[in-house]
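Trainee: Here is my input, please return the structure:
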Amino acid sequence: MDAEKLAQALAFIDDQDLALHSLLVIRHGYIVSETYYKSYHQDTTHELYSCTKSFTATLVGIALDKGSINAVNHLVLDYFPEYTPGNQDPLKKSMKLEHLLTMTSGFAWLEADQVYAELYQSSDWVSYVLDEPMAEKPGSAFNYCSGCSHLLSAIIGQATHMNTKDFAEKTLFEPLGVSGVVWHTDSDGIPIGGWGLQLTPRQMAKLGYLYLHEGQWDGQQIVSSQWVKKATQKHTETDGELGYGYQWWIYPRHGAYTALGREGQTIFVVPKSDLIIVTTAATDNHDEIFQLIEDFILPAVQD
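Mentor: Next comes the predicted model:
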């Protein structure tokens, strides 16, 4: 890595008064730059917001590998036979697990603070999401839906007969050496699939490292390479430059994929450069973080 370019990256953060809490740059498995801001430090856990989704999807992949989930084309409603969804619609019966993974559920979901408030007031989050009216045929269009990610968490619990966090501890976090995990739950104790995880930046980076190495960690296959390939390829277009995989955003310009969370939480993975970039932050959006990556960190990569 070009040390001068990395120094320019840190100067850019200061010059722009960018509200970062941490920046990690990892290449070939080595931390080449690690900076913390304000009261944050290496052991400070941070709210991941929607970066949680990429962890949830990984657990789906692990459950699939273990045979607890038989296929991504399994019908969603089959996992919830006790529920009688409101807003009955034949389209709802055709919704598959893969539609939840790719944000193409067909739900008329509105990603808004008001909806979050209603969820927190609900006694049954799963029913709240399943009761959403349908806007279109599943698989036909991208509509970002944190409620769909929560259904994934509930499906993991149903399929494995374990609480999602317990399953995560056993199959993902413990093998990665990640401890002290906080994961907020809904009113029924189901870990929230779309947000709610709290990890340190180094713990966040471990998910990127796992995917860079096709699901292997320390000689152990944590999730299959087939899942990693499927999860990090573009399955659907979005309303911007980025595509969408299985709860990962796809960054085609750099052959990269990234977990993105509200207020600038990021796990940015560039396989061709064997590079991981992690940020925690309190920014308005990811624009300046993407600028930081594109103008300074990626140009610092040397063959």
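
Trainee: who touches Val115 in this structure?
Mentor: 109, 147 (CB atoms under 8 Å, 6 or more residues apart in numbering). Bear in mind the C-beta positions are built from the backbone N, C-alpha and C, glycine included.

Trainee: Ser224 too?
Mentor: 61, 64-65, 215.

Trainee: Over to Met134?
Mentor: Applying CB under 8 Å, 6+ apart, the residues near Met134 are 87, 89, 91-92, 106-108.

Trainee: now with 6 Å?
Mentor: Met134 makes contact with 89, 91-92, 106, according to CB atoms under 6 Å, 6 or more residues apart in numbering.

Trainee: Model confidence at it, what's the number?
Mentor: With respect to pLDDT, Met134 scores 97.

Trainee: try the one 5 residues further on
Mentor: The predicted local confidence for Gly139 comes out at a pLDDT of 98.

Trainee: Likewise for Gly240?
Mentor: 89.

Trainee: Relative to Lys234, how far out is the closest residue to Leu64 other than its chain neighbours?
Mentor: Spatial nearest neighbour of Leu64, excluding adjacent residues (CB to CB, 6 or more residues apart in numbering): Trp227 at 6.6 Å. According to CB to CB, to the nearest Å, Trp227 stands 16 Å off from Lys234.

Trainee: For these two, indicate the residue with more neighbours.
Mentor: Higher neighbour count among Trp227 and Lys234: Trp227, with 22 against 17, using other CB atoms under 10 Å.

Trainee: element containing that one?
Mentor: Trp227 is part of helix 225-231, with elements assigned from DSSP states H and E.

Trainee: Check the offset of that helix from the chain's centre.
Mentor: 14 Å (CA atoms, centre = their mean, to the nearest Å).

Trainee: could you point out which element follows that helix?
Mentor: Assignment by DSSP H and E places the next element after helix 225-231 at strand 236-237.

Trainee: re earlier: show me which residues of the helix holding Trp227 are buried.
Mentor: 227-228, 230-231 (16 or more other CB atoms under 10 Å).

Trainee: And for stretch 14-25?
Mentor: Going by 16+ other CB under 10 Å, stretch 14-25 has these buried residues: 18, 20-25.

Trainee: quick one: which of the contacts of Ser224 is most hemmed in?
Mentor: Greatest neighbour count in these, by other CB under 10 Å, goes to Gly61: 24 neighbours.

Trainee: tell me the pLDDT at that residue?
Mentor: In this model, Gly61 is scored at 98, pLDDT.

Trainee: Could you find the closest non-adjacent residue to it?
Mentor: The spatial neighbour of Gly61 that comes closest, neighbours along the chain excluded (CB to CB, 6+ apart), is Trp227 at 3.5 Å.

Trainee: Correct me if wrong, but Phe268 is in a strand.
Mentor: Yes: according to DSSP: H, G, I helix; E, B strand; the rest coil, Phe268 belongs to a strand.

Trainee: That one and Thr258 touch, don't they?
Mentor: Yes: counting by CB atoms under 6 Å, Phe268 does reach Thr258; the two are 4.5 Å apart.

Trainee: Val178: what's it in contact with?
Mentor: Gln203.

Trainee: what about it, distance to Ser39?
Mentor: Taken as CB to CB, the span from Val178 to Ser39 is 22 Å.

Trainee: Would you mind putting the buried residues of helix 225-231 into CSV with distance to Ile69 alongside?
Mentor: Shown next, in CSV, are the buried residues of helix 225-231 (distance: CB to CB, whole Å):
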residue, distance to Ile69
Trp227, 11
Val228, 16
Lys230, 13
Ala231, 14
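
Trainee: Let's have these in a markdown table, adding pLDDT and distance to Gly196.
Mentor: Formatted as a markdown table, those follow (pLDDT from 0 to 100; distance: CB to CB, whole Å):
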| residue | pLDDT | distance to Gly196 |
| --- | --- | --- |
| Trp227 | 98 | 22 |
| Val228 | 98 | 24 |
| Lys230 | 98 | 25 |
| Ala231 | 98 | 20 |
